[in-house]
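Engineer: got a sequence here, can you build the structure:
(2 chains)
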Amino acid sequence: DVKVTQSSRYLVKRTGEKVFLECVQDMDHENMFWYRQDPGLGLRLIYFSYDVKMKEKGDIPEGYSVSREKKERFSLILESASTNQTSMYLCASSLSSSGSYNEQFFGPGTRLTVL
Amino acid sequence: AQSVTQPDIHITVSEGASLELRCNYSYGATPYLFWYVQSPGQGLQLLLKYFSGDTLVQGIKGFEAEFKRSQSSFNLRKPSVHWSDAAEYFCAVGDDNNNDMRFGAGTRLTVKP
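Structural biologist: Alright, predicted model coming up:
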């Protein structure tokens, strides 16, 4: 089974702090994704990556950056955390495909609170 | 770009009753459709998916969904709900151009004893 792990289940940070959220997958997937989940809004894509050192902006990249130095690891970085970034963050991964589509496998999520 | 609408924010059903959760999508080509479930405090688990072929797809935990192209719908059904089905359910559509995925806002299911 695919396993996607996230470094923390719960995290509390202060406004202005730099925050790192880590995600690791163990199935050699090419694609990795970061979403934030807010009530009534579903999941919104922040960034995704198709390969090591590659990244693409999603729908809401402002205030976030990402890093993918190794295939299995995808980090989300909040350069200067703000209270409106309080949310549930979900990481996902999927196999790459051409002309088709592969479902995404999700980690358990990190609930971040910014005070 | 693709999009997904889940018209019902919250649904309450009695245990043992049937369930239907609605999902409508917008996508130009043949869609890749998914239903995920999220139990409280957990990540998303795939219930079922539709890529092509038979429009009635079976999933885990006794769920099924029917793809209706004419209605742009992919509704999730279960004939008899169990208390453990209480969760949030997300419909999603995938894009084979870039492996992107769009989610609906979710439907929260409450099961009454």
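Engineer: can you pull the residues of chain A lying near chain B?
Structural biologist: Applying CB under 8 Å from any CB of the partner chain, we find that chain A lies next to chain B at A:4, A:31, A:33, A:35, A:40-45, A:48, A:50, A:56, A:58, A:90, A:92, A:94, A:96-97, A:99-109. Bear in mind the C-beta positions are built from the backbone N, C-alpha and C, glycine included.
Engineer: weed out the non-buried ones from those.
Structural biologist: A:4, A:31, A:33, A:35, A:42-45, A:48, A:58, A:90, A:92, A:94, A:101-107, A:109 (16 or more other CB atoms under 10 Å in any protein chain shown).
Engineer: give me the residue at the spatial middle of chain A.
Structural biologist: A:W34 (2.4 Å; CA atoms, centre = their mean).
Engineer: wait, doesn't that residue sit right on A:R44?
Structural biologist: No. Counting by CB atoms under 8 Å, A:R44 is not a contact partner of A:W34; they are 10.0 Å apart.
Engineer: name the residues contacting each of these two.
Structural biologist: Listed as contacting both A:W34 and A:R44 by CB atoms under 8 Å, 6 or more residues apart in numbering or on different chains are A:G58.
Engineer: so does stretch B:24-34 get close to chain A?
Structural biologist: Yes. Against chain A, stretch B:24-34 shows contacts by CB under 8 Å from any CB at B:32, B:34.
Engineer: need the residues that contact that stretch.
Structural biologist: By CB under 8 Å, 6+ apart, stretch B:24-34 touches A:101, A:103, B:2-7, B:23, B:46-52, B:65, B:67, B:71-74, B:91-96, B:101.
Engineer: again, 7 Å this time
Structural biologist: With CB atoms under 7 Å, 6 or more residues apart in numbering or on different chains as the contact definition, stretch B:24-34 has outside contacts at A:101, A:103, B:2-5, B:46, B:49-52, B:67, B:72-74, B:92-94, B:96.
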